[in-house]
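>>> take this sequence and fold it.
(2 chains)
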Amino acid sequence: MNFNAPHIDYAGISPIIALTVGICVVLLSAVFKPTRRLAPGLTLLTLVATAGLLIWQWGETKQLVTGALRLDDLAISISLIAVLTAAFAVLFSIREPAAEEAGSGEYHTLLLGSVLGMVLLSEAYNLVSFFVALETLSIPLYILCATNLRREGSLESGLKYLIVGSLGSATLLYGMAFLYGGTGSTGFEGIAIGIAHGGLTGDPLIMIGIAMAAVGLAFKTSIAPFHQWTPDVYQGAPTPITSFMAVATKAAAFAVFLRFFDVALGPEASDWQPALAVLAAISIVVGNVGALGQDSLKRLLGYSGIAQAGYMLGGIVVASESGVSALVFYLAAYAFMNLAAFAVIVARERETHFGDDIRAVRGLGAERPWLAWPLTIAMLALAGLPATAGFIGKLYLIEALVEGDYTWLAVFIAIGTMISVAYYLRVVAAMWMGQEQPGAVPAIAGASPEADPVDPEASRRWYLVGPAVLCAAATVFFGVIPQPLVDFASHAGASLF
Amino acid sequence: MINVLLWLPLAVGIVGLFLPKKVTGWWATLGAVATLGVAIGMALGFDSGSSGLQYTVDTSWIPGLGVDYSLGIDGLNLFLVLLTTVIWVGGIAFAAFREQERPQLFFFLMLIAETATLGAFLAQDLLLFVLFFDLMLVPFYFLFGAWGHDRSGEGGLTAPAATLKMFIYTLIGSLLMLVAAIATAILSAKGGHLTFSIQELQQQGLGTGSQRWIFWFFAAAFLVKMPAFLLHGWMPDAYRAAPLPALAVFSGVLAKVGAYGFLRIVLPLFPAATIEFQEVLLVIALASILYGSVMAFTQTNVRLIAGYSSVAQLGFITAGIFALRADGADGALLQMVNHGLVVAPIFVIVAILVERTGTEDIREMGGMALRAPVLAALFLIVALATLAMPGSANFIGEFYILNGLFQTKIVFAFVAISGVAMSAYYALRLYQGTMHNRKPDGVASREIGWRDGIVLAPLVLCILGLALYPQLILHRTDPSVKQTVAIVTGGPAPKAQLADSEDGWTGYAPLASGGKP
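As a prediction, the model looks like this:
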């Protein structure tokens, strides 16, 4: 009797294997040796190994697991962004009360689990793996949001994210069912063939399916009007987790958004393009206007993330190679800008009584230049000012949009950016133009959400200052010499078309 | 050489960040002087007969996006580059003589601003221009906000609020310009080779329909920067908040980037739209002249008198450019340099006066000339240049502008002439109010010290030098200006361009047709 084992491309799935092994090891390490340092160390090791394997596979394009996954440069680049962000989140979590309350081993296991979901999601090539990956990503995050067990806000954030996230997932799943019904296939390419071949343009089944899938994905990428959870969840979650969610989740969700719409629904592009363009425009307006009055830096970044998601959605709207490249470039730039900002917020949160309130950074310019500069650069870059990666990112996106005949959306990006300057520069003004407010002096009674500064020396810790300076430096570097990152992004774009 | 010119200020600024507080001002001054030296060296080697670009650098910067790092000097920007370097020496030296808070950062920002401004003047790639144009704003945001004055007690805004207002106003224009620049490149390429090089774009040409909206996106950016009437809302607050050394360079140079942008980009790239909207722009220019002049009559804050007078002067410059005649544009370029050279000393003098009187209200000043004849004499020269006294280079500039305007749009020229008369009133009012009249109590009338003398004297010498020999500029700018204007009007030496304007009520047929009936 002959037994034909299916061919398994172990090289292709090696990053996934590495992450899975890492998850087991980190979880077991917590059981056997509950020291504080061990779990973060092992997590970082896992992430480094995964990153190494991903880079090793750079340039490959192959289908894995009988077509359920597809490894290409888009998947690798997005996975690298997610892994990098996770590594920074691990650094930010050192001495984080949430990590200790929930148990360091469990906390890091969940983090790695979410990264695994992201890697899978960026490679997903059929509806089943798409959905499974999305849930692998989301479920650990629901728990991570609530790991700050003694703080009501954290628990509320976890619950809120769970409910809204489930709603998004359910909508998406329902949409997938319609698409399967309409095209008879779960594979992305099969769906594309089904749509093109059957001449089903205008088929209500498919249209409903596309609409519901778009809504589900819009929930995950926090595109308005499906964004309401974002500011609350961002504010409530432990800050290292917020930084991870803001960057990595967005990157992974956008990867699958791209693949799903540009590949599976590509033949139907002219039908969904205007709808997505309108969503992008709404997002830009809602995010930027919402951020204007925010005093909490995490909420501010949450709203700013909604607006930025609107800009990035423009890269999907045009459904072209340059659109994909622009989106990947923007995601990479966005990762640097946001991580620099979050590193500073984490440091100030532990150092002052103000939590993530804007007062926490007042007078930072004179007091702590090593924190003030990264946050300044991050804010200027998010506002899209030149000599930062943010400017080049916007330039890239606008170029793709004009090329794709969506100049009006490019103008929307310009208008949104103008509004955004008002709140980004408010943070900058607080740092450089406000009076000093030494963190050591206790705040007025009743004004402080946290009782004591967790770590009065936080802004001298290498694991906070280092990432902040590194990310800010990268933001400026890729603003002045963008070509390496442009090459990186255009590889990703080329792999899809 | 051109790279040294551009990046030297930035390099000096970065080094200055790590120097001790006392030295950093002098180090910055030295850097600014060295930059000026490089600029003068390049001006001496400039071939005045050629209309093309010289000292060009052109390398690919972001090949993936079609952006080049391309710089060059021709008649259009040669003297604006010189102006920038001269004014910056003045501004930085003036600041170096005084105590500054956080001096390392202050001078670092000043020097970044110089690099950005030079970049905007030198850039020959559309996107590089936009980049530097935006970048110019960032250091001034910090300079105005962190070193500025809080006017919230006087019915104004706090410094951060005023600078934010300026930033948002200016960014409205420049972001639309970014979209417009990209659209220009993509629409011109028509699916072919994507480039942002201004020269190549000009050859590729752009459809008239696209030119219309792109023209306005660019015009918005430049008119806000100037600022022109209706778009000047940021100016009063920002001018009142700004620290004076920074304001001197800001007002002296940055406003000209807007006017320069019209000549460098709008006229060559969007000729059809330029002709179409010529009269609209002229109306805006005239409105700026009238509004700026009238406001300069009535303001009592000396900064605002100077600020509104700039609005009027920039209106003149815009009118000269949109006369669409070589002499009008020549005059506009000359006037840009002239205005930079007068407005920067005015702000330096204002700073000196404020130190002596402790107020910025012209009603509480006066009587300074008696004890400070040298200061008064220097100010008088500047004031007379401002009002375009015959014999000053400003007179030549305004004459050329009006001459150009007269030949194409005579009605506009008549209105513009009133601006010349009005400038006499506000310039003399400023001079008399501060120097003559009775000296109020509490005003210390002191002669200027040698320190401020060193700063002011060279600027005044430049004014005098240009008054004696304006041909220095006109001779070198003329070939490039002719070429630029000819792109719009067609033909190398247009005699009767804008034939259709003869019929309109604003065209003066006998002159427009070269005097022949």
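>>> before we move on, which element is residue A:390 in?
If you go by DSSP states H and E, residue A:390 is part of helix A:389-403.
>>> right, and the helix or strand after that helix?
Using DSSP H and E, the helix or strand that follows helix A:389-403 towards the C-terminus is helix A:407-433.
>>> buried stuff in the one helix or strand in chain A whose mean pLDDT sits lowest?
Between all helices and strands in chain A, the lowest mean by mean pLDDT, DSSP states H and E belongs to helix A:97-102, at a mean of 82. For helix A:97-102, a neighbour-count test (16 or more other C-beta atoms under 10 Å in any protein chain shown) marks A:97, A:98, A:99, A:101, A:102 as buried. Where you see a C-beta, it was placed from the backbone N, CA and C, and this is true even at glycine.
>>> distance to chain B added to those, as a markdown table?
A markdown table is the format used below for the buried residues of helix A:97-102 (distance: C-beta to the nearest C-beta, whole Å):
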| residue | distance to chain B |
| --- | --- |
| A:97 | 34 |
| A:98 | 34 |
| A:99 | 37 |
| A:101 | 39 |
| A:102 | 40 |
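>>> make JSON lines out of those residues and add distance to residue A:168.
Listed next are the buried residues of helix A:97-102 as JSON lines, based on distance: C-beta to C-beta, whole Å:
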{"residue": "A:97", "distance to residue A:168": "29"}
{"residue": "A:98", "distance to residue A:168": "24"}
{"residue": "A:99", "distance to residue A:168": "27"}
{"residue": "A:101", "distance to residue A:168": "28"}
{"residue": "A:102", "distance to residue A:168": "24"}
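>>> out of these, who's nearest residue B:257?
Relative to residue B:257, the closest of these is residue A:98; by C-beta to C-beta it sits at 50.0 Å.
>>> from the chain's centroid, how far away is the least confident helix or strand of chain A?
22 Å (C-alpha atoms, centre = their mean, to the nearest Å).
>>> need the contact partners of it.
With contacts defined as C-beta atoms under 8 Å, 6 or more residues apart in numbering or on different chains, helix A:97-102 is touched by A:36, A:93, A:107-108, A:147-150, A:154, A:238, A:240-241, A:454.
>>> just the buried residues of these.
A:93, A:107, A:108, A:147, A:148, A:154, A:238, A:240, A:241.
>>> quickly find the element holding the last one.
Just to be clear, that refers to residue A:241. Per DSSP H and E: helix A:239-244 holds residue A:241.
>>> could you point out which element follows that helix?
Next element after helix A:239-244 (DSSP H and E): helix A:250-258.
>>> and that next one, average pLDDT?
Averaging pLDDT along helix A:250-258 yields 93.
>>> same for it, what does it pack against?
helix A:73-93, helix A:104-123, helix A:127-145, helix A:204-220, helix A:297-317, helix A:321-351 (3 or more C-beta pairs under 8 Å, 6 or more residues apart in numbering or on different chains; DSSP states H and E).
>>> next, the buried residues of the next helix or strand after that helix.
Scanning forward in sequence from helix A:250-258 by DSSP H and E, the next helix or strand is helix A:269-291. With burial defined by 16+ other C-beta under 10 Å, the residues of helix A:269-291 counted as buried are A:271-273, A:276-277, A:279-291.
>>> give me the mean pLDDT for helix A:269-291.
Rounded mean pLDDT across helix A:269-291 is 92.
>>> ok, it near chain B or not?
No. Counting by C-beta under 8 Å from any C-beta of the partner chain, chain B is not contacted by helix A:269-291; separation bottoms out at 12.2 Å.
>>> so which elements touch that helix?
helix A:204-220, helix A:297-317, helix A:407-433.
>>> single out the most deeply packed of these.
Greatest average neighbour count among these goes to helix A:297-317 (a mean of 27), per mean count of other C-beta atoms under 10 Å in any protein chain shown.
>>> relative to helix A:269-291, how tilted is that helix?
For helix A:297-317 against helix A:269-291, the angle by axes from the mean of the first three to the mean of the last three C-alpha atoms, to 10 degrees is 160 degrees.
>>> for residue B:158, what are its contacts?
With C-beta under 8 Å, 6+ apart, residue B:158 has these contacts: B:150, B:151, B:152, B:241.
>>> which intervals of the chain have sub-threshold pLDDT?
I'll assume chain A. A:1, A:33-36, A:198-202, A:435-453 (pLDDT under 70).
>>> let me rephrase: I mean chain B.
Ranges of chain B meeting pLDDT under 70: B:491-517.
>>> all strands for it, in order.
B:54-62, B:67-73 (DSSP state E).
>>> okay, the angle between the shortest one and helix A:389-403?
Put plainly, it is strand B:67-73. Using the same axes, to 10 degrees: strand B:67-73 against helix A:389-403 is 100 degrees.
>>> residues in contact with strand B:67-73?
A:395, B:2-3, B:6, B:42, B:46, B:53-61, B:81, B:122-125, B:127-128, B:195-197.
>>> of these, buried ones?
Counted by 16+ other C-beta under 10 Å, the contacts of strand B:67-73 give A:395, B:2, B:6, B:42, B:46, B:53, B:55, B:57, B:61, B:81, B:122-125, B:127-128, B:195-197 as buried.
>>> quick revisit: closest one of the contacts of helix A:97-102 to residue B:335?
Nearest to residue B:335 among the contacts of helix A:97-102, with distances taken as C-beta to C-beta, is residue A:240, at 57.9 Å.
>>> which residues touch that closest one?
The contact partners of residue A:240, by C-beta under 8 Å, 6+ apart, come to A:89, A:90, A:92, A:93, A:96, A:98, A:99, A:342, A:346.
>>> what residues are up against the third one?
The reference is to residue A:92. Going by C-beta under 8 Å, 6+ apart, residue A:92 touches A:239, A:240, A:243, A:342, A:343, A:346, A:463, A:464, A:467.
>>> nearest residue to residue A:230 in space, please, no chain neighbours.
Leaving aside its sequence neighbours, residue A:230 sits nearest to residue A:222 (C-beta to C-beta, 6 or more residues apart in numbering or on different chains; 4.2 Å).
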